[in-house]
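*Asks:* Provided below for reference: sequence and predicted model.
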Number of protein chains: 2
Amino acid sequence: MALAHKGLDVETIPWRFTEKDRIAPATTVPVLVDGDKRIADSWAIVNYLEDRYPDRPSLFGGAAGRALTRFYVDWANVMVASSIARLVLVDIFDHLAPRDRDYFRRTREQRFGMTLEAAMADRDRRLPAFRDSLNPMRLVLKHQKFLGGDEPLQADYTVFGCFQWARCISAFRLLEESDPVAAWRETLLDRFEGLARKAPGYPV
Amino acid sequence: MALAHKGLDVETIPWRFTEKDRIAPATTVPVLVDGDKRIADSWAIVNYLEDRYPDRPSLFGGAAGRALTRFYVDWANVMVASSIARLVLVDIFDHLAPRDRDYFRRTREQRFGMTLEAAMADRDRRLPAFRDSLNPMRLVLKHQKFLGGDEPLQADYTVFGCFQWARCISAFRLLEESDPVAAWRETLLDRFEGLARKAPGYPV
């Protein structure tokens, strides 16, 4: 979404969990390759894009906007992505290539301190708390169309990315249809000629 | 803090919960009186200040910053202020003038669906969850000095206001001394020649 916002042509390279050698010295995706530059970590990547392509549409709307966007990154990680992870954990596993399954099960079961199945087991009971955790965002969307205002900014893409990740890997319904957050997600699925909607995924 | 950020001289008018007639047609504080203008609601007030005094230091750092600040307001209300309320509820009551006590007890007990004492009873048990809810902010403060970047912006004052409210009314220790959020709060207590620290309150 950030690359599309900047109007940059991009080639995406499929990658599997266990192909660590292909992204070294980075250890996690995303990794951006731009000429001879390799940048890992999504926050580092969007900052690089903003600085490298200053004449393209801004992802932050200025220096203050950049600083203020940092909170969205951490909120999305701590509150949104980590909650979604436990709601779709087995769905992720079921979509993995056989050779990635042992790695995924071992590392995630270590992280959660229980089996994947146990971690996801009570997802229907945890769903209301997840939806409640989005209340601050729901209130913002009463006042403005996007977190970034009239048009989306990186703050939107950061949170949207959590939902897009889930959409690509799970049929589990995270949001009620009538939820303003769901309407916001639909709008972003349509952006850039339906870029995110074209990615393989489940209807949500 | 917003008025001080704008470098505006201000006279504060003490007011009690039950003096509704003095702020009508507004029903809640804060209310800003600027010449013949009266503005209620803190988000409306800071937007008014930004538009009315554009040549003074910006509270938002531009249009994007203004839109991005809205989330902090709702996050502070939903996640921070409402949690703090239940941690200091009886302390507020104990500081009220006798004539405000019935009003406060009746309206707050209706809101919480239980007595003030019952709502606050398990505060030590709820404290860790409150501290955990600040994790996104704690992570931001690893990267930058303020939510607004190198210098505080309205996003900082919005969250700081929740702590300052508690500090003025309760000796309950909301944050551990070693918490980066506590360090951030100290810095803001010192701002504007110790403006917030000079307000009557408890050491925190």
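*Replies:* Received it, and whenever you're ready, just let me know what you need.
*Asks:* Could you use CA atoms for every contact and neighbour count after this?
*Replies:* Fine.
*Asks:* Measure how buried the nearest residue to A:Glu176 once chain neighbours are set aside is and give me the count.
*Replies:* Nearest non-adjacent residue to A:Glu176, counting by CA to CA, 6 or more residues apart in numbering or on different chains: A:Ala182, 7.1 Å away. By other CA atoms under 10 Å in any protein chain shown, 17 other residues sit near A:Ala182.
*Asks:* Run through the residues that contact A:Ala199.
*Replies:* By CA atoms under 8 Å, 6 or more residues apart in numbering or on different chains, the residues touching A:Ala199 are A:Cys168.
*Asks:* can you give me the strands in chain A?
*Replies:* Per DSSP state E, chain A carries strands over the ranges A:31-34, A:37-40.
*Asks:* Please enumerate the helices of chain A.
*Replies:* A:2-5, A:42-52, A:63-75, A:82-95, A:98-112, A:116-121, A:123-133, A:135-143, A:154-167, A:180-198 (DSSP state H).
*Asks:* Pull out the buried positions in the first one.
*Replies:* Neighbour-count burial for helix A:2-5 flags A:Ala2, A:His5 (criterion: 16 or more other CA atoms under 10 Å in any protein chain shown).
*Asks:* Next, see if that helix gets close to chain B.
*Replies:* No. Using CA under 8 Å from any CA of the partner chain, we find that helix A:2-5 stays clear of chain B, coming within 15.1 Å at best.
*Asks:* Can you give the contact residues for that helix?
*Replies:* Applying CA under 8 Å, 6+ apart, the contact partners of helix A:2-5 are A:Asp9, A:Val10, A:Val46, A:Leu49, A:Pro57, A:Leu59, A:Gln154, A:Tyr157, A:Phe192.
*Asks:* For ChimeraX, what selects the buried ones among those residues?
*Replies:* To isolate the buried ones among the contacts of helix A:2-5 in ChimeraX, judged by 16+ other CA under 10 Å, type:
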select /A:46,49,59,154,157
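*Asks:* Now A:Leu175: closest residue in space, sequence neighbours ignored.
*Replies:* A:Ala182 (6.1 Å).
*Asks:* What distance do you get for that neighbour to chain B?
*Replies:* Per CA to the nearest CA, to the nearest Å, A:Ala182 is found 17 Å from chain B.
*Asks:* Can you add pLDDT and give the contacts of helix A:2-5 back as a markdown table?
*Replies:* Below are these laid out as a markdown table (pLDDT from 0 to 100):
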| residue | pLDDT |
| --- | --- |
| A:Asp9 | 93 |
| A:Val10 | 94 |
| A:Val46 | 98 |
| A:Leu49 | 98 |
| A:Pro57 | 98 |
| A:Leu59 | 98 |
| A:Gln154 | 98 |
| A:Tyr157 | 98 |
| A:Phe192 | 98 |
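*Asks:* quick check, nearest of the contacts of helix A:2-5 to A:Val33?
*Replies:* Nearest to A:Val33 among these is A:Val10, at 9.7 Å by CA to CA.
*Asks:* What pLDDT is listed against the residue nearest to that closest one when sequence neighbours are not counted?
*Replies:* Spatial nearest neighbour of A:Val10, chain neighbours left out: A:Leu3 (7.4 Å); criterion: CA to CA, 6+ apart. Looking at A:Leu3, its pLDDT reads 98.
*Asks:* do the same with A:Val204
*Replies:* Here, the pLDDT recorded for A:Val204 equals 76.
*Asks:* Touching, it and A:Cys168? I think so.
*Replies:* No. Counting by CA atoms under 8 Å, A:Val204 stays clear of A:Cys168, with 10.0 Å between them.
*Asks:* gap between the spatially most central residue of chain A and chain B?
*Replies:* Nearest to the centroid of the C-alpha atoms of chain A, with distances taken as CA atoms, centre = their mean, sits A:Gly161, at 2.2 Å. From A:Gly161 over to chain B the distance is 17 Å, taken as CA to the nearest CA.
*Asks:* any idea how far A:Leu188 is from that residue?
*Replies:* 10 Å (CA to CA, to the nearest Å).
*Asks:* Please apply the same query to A:Val31.
*Replies:* For A:Val31, the distance to A:Leu188 - CA to CA - is 23 Å.
*Asks:* for chain B, what are the nearby residues on chain A?
*Replies:* Proximity of chain A to chain B, by CA under 8 Å from any CA, involves residues A:60-65, A:67-71, A:74-75, A:78, A:135-137, A:139-140, A:144, A:147-149, A:155.
*Asks:* Any of those buried? List them.
*Replies:* A:60-62, A:64-65, A:67-71, A:74-75, A:135-137, A:139-140, A:147-149, A:155.
*Asks:* quick one, what contacts the residue lying closest to A:Arg16 once chain neighbours are set aside?
*Replies:* Closest residue to A:Arg16 apart from its sequence neighbours, by CA to CA, 6+ apart: A:Asp100 at 7.1 Å. Neighbouring residues of A:Asp100 by CA under 8 Å, 6+ apart: A:Arg16, A:Phe17, A:Thr18.
*Asks:* Around the first one, how many other residues sit close by?
*Replies:* Residue neighbour count, defined by other CA under 10 Å, stands at 12 for A:Arg16.
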